[in-house]
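> Pasting the sequence and the predicted coordinates here, then a few questions.
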Amino acid sequence: SQQGEEDPQALSIQEGENATMNCSYKTSINNLQWYRQNSGRGLVHLILIRSNEREKHSGRLRVTLDTSKKSSSLLITASRAADTASYFCATDARDDKIIFGKGTRLHILP
Amino acid sequence: NAGVTQTPKFRVLKTGQSMTLLCAQDMNHEYMYWYRQDPGMGLRLIHYSVGEGTTAKGEVPDGYNVSRLKKQNFLLGLESAAPSQTSVYFCASSYSAPGTQYFGPGTRLLVL
């Protein structure tokens, strides 16, 4: 059962540009998380935003949450080659679980 | 701290063979999870545990069994491997749920 859906599925931008990816979900949540996965590696937690928060920052990352639209966005500013990865949103579900979306593949072009 | 480790990193099995994947964490986390990741499917939860001695089914539990005899270890077993179980398996742990999950490096399994 898919809760979060990322959009776009894939994104290619020039180094230095900003990258924006979105996540939509279906049912109400307590929190939403974003994770990064470099090729062939495990996922790494980036940021968690709670349902009573609208925006959160961490370094070059900016996450917004709009609970009325059931959507979130992840903005990476001043992209670097090392940002090339897949990005997943994850929403809380019943019974101590979180559900991951299928991810956005981000490719930073030199 | 090693964080979350997985053993083995890569394995090839023949259909019908059995194997156990080991996940270990040194963060004293109560919650542990096993996921599989297939192309275009994202991560799907196989089984999880909310504490030592407990296990519960996730989204895709068929064909797998798990055990959590010690708090730091979470074992995933395949009793009779099938080609459909070819995948990358990730273990994760968390202090609270639903909360930040810490992932292992993954185990690539190929079933012929």
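Okay, I see it. Residues are numbered from 1 along each chain as shown, chains lettered A, B, ... in the order given.
> residues of the helix or strand of chain A with the lowest mean pLDDT that come out buried?
Within chain A, no helix or strand scores below strand A:5-7, which has a mean of 88 by mean pLDDT, DSSP states H and E. Residues of strand A:5-7 classed as buried: A:E5, A:E6 (neighbour count, 16 or more other Cβ atoms under 10 Å in any protein chain shown). All C-beta spots, glycine's among them, are computed from the backbone N, C-alpha and C.
> Give me the sheet partners of it and which way each runs.
Next to strand A:5-7 in the sheet, as set by DSSP bridges, lie strand A:19-24 (antiparallel).
> give the contact list for the one residue sitting closest to the centre of chain B.
Closest residue to the average C-alpha location of chain B: B:W34 at 3.0 Å, with Cα atoms, centre = their mean. Counting by Cβ atoms under 8 Å, 6 or more residues apart in numbering or on different chains, B:W34 makes contact with B:21, B:23, B:45-48, B:58, B:64, B:66, B:74, B:76, B:89-91.
> near chain A, which of those residues show up?
B:L45, B:Y48, B:G58, B:F90 (Cβ under 8 Å from any Cβ of the partner chain).
> What pLDDT does the model give the nearest residue to A:D95 once chain neighbours are set aside?
Of all residues not flanking A:D95 in the chain, B:A56 sits nearest, at 7.0 Å (Cβ to Cβ, 6 or more residues apart in numbering or on different chains). The model reports B:A56 with a pLDDT of 95.
> Tell me the bridge partners for B:A56.
B:Y48.
> Tell me how many other residues crowd it.
Residues lying near B:A56 (other Cβ atoms under 10 Å in any protein chain shown) number 14.
> That one reaches B:I46, doesn't it?
No: the pair B:A56 / B:I46 is not scored as a contact, 10.6 Å apart, by Cβ atoms under 8 Å.
> Dig out what A:L75 forms beta bridges with.
With DSSP bridges as the criterion, A:L75 is bridged to A:T20, A:R62.
> who touches residue 51 in this structure?
In the absence of a named chain, chain A is used. A:S51 makes contacts with A:S28, A:I29, A:N30, A:N31, A:L32, A:L65, A:T67, as judged by Cβ under 8 Å, 6+ apart.
> my bad, the chain I had in mind was chain B
B:E30, B:Y31, B:R68, B:K71.
> just curious, which of those residues is nearest to A:S72?
B:Y31 (23.0 Å; Cβ to Cβ).
> What parts of chain B come near chain A?
Taking Cβ under 8 Å from any Cβ as the contact definition, chain B meets chain A at B:4, B:31, B:33, B:35, B:40-43, B:45, B:48, B:50, B:56, B:58-59, B:90, B:92, B:97-106.
> Count the neighbours of A:R105 for me.
Count around A:R105 with other Cβ under 10 Å applied: 18.
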